[in-house]
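Asker: Okay, structure incoming, though there's no sequence with it:
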């Protein structure tokens, strides 16, 4: 019998268009949370895999390894220990839910707290994935100003007071206090205390995203908000930035009243091999790995900063971050970076346009985020030089660079 | 400052209650899609891990391993090859989307096709996870009768005609044609062709779930519906039953018009280590592993059948399945298995009550599903003996068993 219809006739009216087919990676890739391929501990992972499979492999026969749906007990215990050591957090394995990357943590916490029309407060510059998730949920997203140290507490207090005057109680303040995304700032201790005081007095939760907090260059940095006010803070973190993003291992730390509900909401869990292997790996290797990784990342940041100064001269401004994998860069006010996306892509360069990282896109039209973990030192230098050529061609800017002038002239 | 509110004050009004805390596994565990722990190929997985990490481990630094969001190319190619060899399916790696178990496949396909009020047709006895998912989506779930060979085509034709007369076009017919869940039946070839003809003439999709199809004892069994009518069939499968459920590796096979939309809909992907390791493992080991696993499962089924006959005598009825990991068992009509759940649990025994596996729960009130892959032969024997004692105590039934009589007398 011949076909009388197409399967696509039966799709929901709001079904998305098919995604773009994958065409390979760009040559100069300055986007996303990718990591440094040379820093993936492949041998130690293989040793951990052999060890974990020999000692616990049979448990793969059971959903959740026959353990709590919160996740592998050893991995949860490790998360609790490292969060105590590096973030000052008091937690046990029972306070940890292993998630499919921190992205599942974002989805679950959003879903638990936010309904269409609810108000949430975000840093004016924030993770585009959370801005877009909250908008997709129909939330009213209010921007709180940030400066070079992060959330401005005075401005936040005004916002909370104004919202209260309108009868609006925000669900949460979503913040990335330590290596802010995209600015790279680290919120000082006094602001952390002030933020928690505000949350308590206005009855608003703090949703703390600490994906990058372990990648800080300096040893002295403040504890997590959760460590200071566990009564009002939900804390999420990830192994994506410290180990590998393809692993899909993140976590939520919080009380059972929240974790038990997040567990009830979620449809699936991280793969057990990842959990077994990372648990076996982490105990012995994690701390030294993170130290090595940070040194490698800091060196790549130096290469990026030098390349920008060489190729762009005074046409770029940025604040050198205290850690992380990205640099938040400003071009002159007359440049709208959105006009650079297509010509840059044509030259094999991709970057994150600032407007996608801002609650008010226009406010960041001259900004861009450059991620530096993935490209090699050579690719960073070549890519920034190629990007400078694109910028000069598209904007007519004279880039103050002896080096570039020599090349172009 | 003291706390003036609880985080739970801020949750959505429809937030779920916290899940039950995990209390460990029951002694006699006859529920769920668990596998046989002794059949987990832990050594071969470790070898595969070492190989895959050495050759591809650096790619863990990139989301999606730097590959298509469809999943690891080698794993997708393997799925295409095994689906050709064992299920007669013509597909390439580009027709395969790797999912977080088949459960993500169910969620994505449901979400793409079904909105509140839409009608879907399910086998009258079906996977409880799909019945509950579709009801949660607000679907109108219509039951199509099944017999010992699966879907009754005559009855399905009547249903489709009646729905059409009411102006209702169902979105899809969800079916588990090969090792039906829970009945274990295998749909004969002539019914497969007739089902596809019906789908074509009524303009209804077929959603084919083949999670168990490779675990058939007999070599002769019909090809997948997708092999016979790819124009009207969406096909899902899984490595959960053939390798390990904790891996969270399933797949959807279909044209790009569907896969590209499922990819656009989904929020996350399977862990890359699972994909790398299983891809490296499968090429060399998969076919022989499945053969060994099937023999082990068949032997456990024999132990279960013998134990049921010994302990329950003529008080149980069942159809010996042609494969899989569960047996669908009927107790006398006067028994409502729901009344046995609590006393059985008290005795350390858990089973799947038939009503949860039926679109009309009352229709299966005397039925239960016993999964036999996880418990050892000894646990099967002890567990069924213990269950017979519970049934006798709770129902007053005289179970015709010399053995049991000897123990109890």
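Answerer: That came in fine, so what should we check first? For clarity, every value in this text was computed on a predicted model and none was experimentally measured. Numbers count the residues shown, from 1 in each chain, chains lettered A, B, ... in the order given.
Asker: longest single helix anywhere in chain A?
Answerer: helix A:272-312 (DSSP state H).
Asker: neighbouring contacts of the next helix or strand along the chain from that one?
Answerer: The C-terminal neighbour of helix A:272-312 among helices and strands, as given by DSSP states H and E, is strand A:317-318. Residues outside strand A:317-318 that contact it (CB atoms under 8 Å, 6 or more residues apart in numbering or on different chains): A:305, A:308, A:327-330. In short, each C-beta sits where N, CA and C put it, glycine included.
Asker: And strand A:317-318, how far out from the chain middle?
Answerer: Relative to its chain's centre, strand A:317-318 lies at 21 Å (CA atoms, centre = their mean, to the nearest Å).
Asker: Okay, now the sheet partners of that strand, with direction.
Answerer: Within its sheet, strand A:317-318 is paired with strand A:326-330 (antiparallel), according to DSSP bridges.
Asker: After the partner strand, which helix or strand is next? Please name it.
Answerer: Next along from strand A:326-330, by DSSP H and E: helix A:341-346.
Asker: Rounded mean pLDDT for the following helix or strand past that following helix, please.
Answerer: Downstream of helix A:341-346, the first helix or strand assigned by DSSP H and E is strand A:349-350. In this model, strand A:349-350 has a mean pLDDT of 98.
Asker: And stretch A:97-114, by the same measure?
Answerer: The model assigns stretch A:97-114 a mean pLDDT of 97.
Asker: Could you report the neighbour count for the closest residue to residue A:256 other than its chain neighbours?
Answerer: Of all residues not flanking residue A:256 in the chain, residue B:18 sits nearest, at 6.3 Å (CB to CB, 6 or more residues apart in numbering or on different chains). A count of nearby residues for residue B:18, using other CB atoms under 10 Å in any protein chain shown, gives 17.
Asker: where's residue B:18 relative to residue A:99, distance?
Answerer: 16 Å (CB to CB, to the nearest Å).
Asker: can you check residue A:141 too?
Answerer: Applying CB to CB, the value for residue A:141 to residue A:99 is 23 Å.
Asker: coming back round to it: does the residue nearest to residue A:256 really touch residue A:262, like I thought?
Answerer: No - at 9.0 Å, residue B:18 and residue A:262 do not qualify as touching, with contact defined as CB atoms under 8 Å.
Asker: need the contact list for residue A:105.
Answerer: Shown in contact with residue A:105 (CB under 8 Å, 6+ apart): A:97, A:99, A:236, A:238, A:250-252.
Asker: distance between the ends of stretch A:327-338?
Answerer: Its start and end residues considered, stretch A:327-338 measures 18 Å (CA to CA, to the nearest Å).
Asker: who's in contact with that stretch?
Answerer: A:125, A:182-184, A:301, A:304-305, A:308, A:312, A:315-321, A:351, A:353-355, A:357, A:365-370, A:372, A:391, A:395, A:397.
Asker: Could you give me the ChimeraX selection string for whichever of those are buried?
Answerer: Those of those that count as buried under 16 or more other CB atoms under 10 Å in any protein chain shown are selected in ChimeraX with:
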select /A:125,182,183,184,301,304,305,308,312,315,316,318,321,351,353,354,355,357,365,366,367,368,369,370,372,391,395,397
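Asker: Can you show me the helices along the stretch 101-250 of chain A?
Answerer: Taking DSSP state H, counting those that start in this stretch as the test, the helices found in the stretch 101-250 of chain A are A:101-113, A:128-136, A:153-165, A:189-202, A:225-228.
Asker: how distant is the shortest one from the center of its chain?
Answerer: This points to helix A:225-228. Relative to its chain's centre, helix A:225-228 lies at 19 Å (CA atoms, centre = their mean).
Asker: Taking the stretch 151-300 of chain A, what residue is nearest to chain B?
Answerer: Nearest residue of the stretch 151-300 of chain A to chain B (CB to the nearest CB) works out as residue A:260 at 2.7 Å.
Asker: Check the gap between that residue and residue B:5 for me.
Answerer: For residue A:260, the distance to residue B:5 equals 19 Å [CB to CB].
Asker: Neighbour count for these two, which is higher?
Answerer: More crowded of residue A:260 and residue B:5, by other CB under 10 Å: residue A:260, with 20 against 17.
Asker: isn't the more buried one right up against residue B:22?
Answerer: No - using CB under 8 Å, residue A:260 is not in contact with residue B:22, being 10.3 Å away.
Asker: any idea how far residue A:303 is from chain B?
Answerer: Remark: distance between residue A:303 and chain B (CB to the nearest CB, to the nearest Å) = 17 Å.
Asker: Ok, residue A:148 next?
Answerer: Residue A:148 sits 27 Å away from chain B, taking CB to the nearest CB as the criterion.
Asker: Same check on residue A:311?
Answerer: 25 Å.
Asker: Residue A:74 now?
Answerer: Per CB to the nearest CB, residue A:74 is found 14 Å from chain B.
Asker: tell me the SS of that residue?
Answerer: Secondary structure, DSSP: H, G, I helix; E, B strand; the rest coil: residue A:74 is helix.
Asker: wait, what's in contact with the residue lying closest to it once chain neighbours are set aside?
Answerer: Using CB to CB, 6+ apart and skipping residues adjacent in sequence, the residue nearest residue A:74 is residue A:279, 4.0 Å away. Counting by CB under 8 Å, 6+ apart, residue A:279 touches A:52, A:72, A:74-75, A:78.
Asker: ok, now with 6 Å
Answerer: A:72, A:74-75 (CB atoms under 6 Å, 6 or more residues apart in numbering or on different chains).
Asker: quick one: low-confidence ranges for chain A?
Answerer: A:1-4, A:400-409 (pLDDT under 70).
Asker: switch to 90 and redo it
Answerer: Residue ranges of chain A with pLDDT under 90: A:1-5, A:13-14, A:217-221, A:267, A:398-409.
Asker: how's it carved up into domains?
Answerer: A:23-39+A:288-408, A:42-285 (automatic domain parsing).
Asker: do you know which of the ones you listed lies nearest residue B:162?
Answerer: Evaluated over the domains of chain A, closeness to residue B:162 peaks at domain A:42-285, with 33.5 Å, by CB to CB.
Asker: and that closest one, how far out from the chain's middle?
Answerer: The chain centre lies 10 Å from the centre of domain A:42-285; the measure is CA atoms, centre = their mean.
Asker: same thing with stretch A:17-26?
Answerer: Here stretch A:17-26 is found 22 Å from its chain centre; the criterion is CA atoms, centre = their mean.
Asker: now do the same end-to-end measure for it.
Answerer: Its start and end residues considered, stretch A:17-26 measures 23 Å (CA to CA).
Asker: For that stretch, which outside residues touch it?
Answerer: For stretch A:17-26, contacts defined as CB under 6 Å, 6+ apart pick out A:348, A:350, B:66, B:68, B:260-261, B:263-264.
Asker: Selection in ChimeraX covering whichever of these are buried, please.
Answerer: Those of these that count as buried under 16+ other CB under 10 Å are selected in ChimeraX with:
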select /A:350 /B:66,68,260,261,263,264
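Asker: Quick check: the farthest pair among the contacts of stretch A:17-26?
Answerer: Pairwise across the contacts of stretch A:17-26, and taking CB to CB, the largest span is found between A:348 and B:261, at 29.0 Å.
Asker: list the contacts for the residue nearest in space to the middle of chain A?
Answerer: For chain A, residue A:211 is the residue whose C-alpha lies nearest the centre (CA atoms, centre = their mean; 5.5 Å). Listed by CB under 6 Å, 6+ apart, the contact set of residue A:211 reads A:102, A:238, A:241.
Asker: Kindly report the same for residue A:88.
Answerer: Residue A:88 makes contacts with A:223, A:227, as judged by CB under 6 Å, 6+ apart.
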